[in-house]
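> Next input, structure requested:
(one chain, ligands or ions: 1)
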Amino acid sequence: MHVIGTVGLPGSGKGEAATVAREDGIPVVTMGDVVRQETADRGLDPAKDHGTVAQALREENGPAAIAERSLPMIEDRLETHETVLVDGIRSDVEVDVFEDEFGDAFTLVSIEAPFEVRAERIDDRGRDASAAEGGEDLAARDERERGFGMDDAMERADVVVENTDSLEAFHDRIRSLIRGTDDEKRAEAEADP
Ligand SMILES: Nc1ncnc2c1ncn2[C@@H]1O[C@H](COP(=O)(O)OP(=O)(O)OP(=O)(O)O)[C@@H](O)[C@H]1O
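Predicted coordinates for the structure are as follows:
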């Protein structure tokens, strides 16, 4: 059993990591799916009301609520798959949930790239500040994510992946992490069994 969680600021490459996992046959559980499911369960519109529901979940059940609700989905995928990727971790409180549940079988991967690099990639991606993000620019999004505890989550990472090289190089690194053939990760495990 291996549960890999990714954490990273907007535009760092989390979506690309999830794509690599899916291509490798690894199920991806995103915190966003949990919120969308809950929104639908409440008879609301997942496209419009997910922000409100995410906030309500945290207010009603505490800051770890969304991570806790993802656990049954993860357990379900682990019945048929050796590895599961968890996307969308936002705070150290959520990291606690996964570490408590999966112990050493949980690996937290922080995906990092400088602000300018992320800004340029988001522009290229075409869903920049104008529409999908509600007019919020990257600095404001960073600020909001940090407010959730993203910085503290990133500090807890077992592995840091600098996504500053080519997309191909990034895909290769993520693939080796997923397949358990990543040299740095293995050296670390051997040093600290
Ligand atoms: N190494 C790279 N080289 C070139 N482009 C990249 C690289 N890594 C990611 N990208 C591109 O940058 C954009 C942002 O990456 P991605 O969507 O994976 O980020 P994210 O962390 O999921 O962001 P968000 O939290 O905003 O959804 C995408 O268009 C992606 O294809």
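> The residue nearest to Arg175 when sequence neighbours are not counted: which element?
In space, Arg175 comes closest to Val20 once its chain neighbours are excluded; the distance is 5.6 Å by Cβ to Cβ, 6 or more residues apart in numbering. To be clear about C-beta, it is placed using only N, CA and C from the backbone, and glycine gets the same treatment. Using DSSP states H and E, Val20 sits within helix 14-23.
> Give me the helices and strands touching that helix, please.
The contact analysis (3 or more Cβ pairs under 8 Å, 6 or more residues apart in numbering; DSSP states H and E) places helix 14-23 against strand 2-7, strand 28-30, strand 83-87, strand 106-112, helix 167-179.
> Kindly recompute the last result at 6 Å.
strand 28-30, strand 83-87, helix 167-179 (3 or more Cβ pairs under 6 Å, 6 or more residues apart in numbering; DSSP states H and E).
> how about these, which one is nearest the ligand?
With distances scored as Cβ to the nearest ligand atom, the stretch of the helices and strands packed on helix 14-23 nearest to the ligand is helix 167-179 (3.8 Å).
> what about the closest residue to Gly8 other than its chain neighbours, distance to the ligand?
Once flanking residues are discounted, Gly8 sits nearest to Ile111: 3.6 Å by Cβ to Cβ, 6+ apart. Separation of Ile111 from the ligand (Cβ to the nearest ligand atom, to the nearest Å): 7 Å.
> ditto for Gly62
The value you get for Gly62 to the ligand, if Cβ to the nearest ligand atom is used, is 23 Å.
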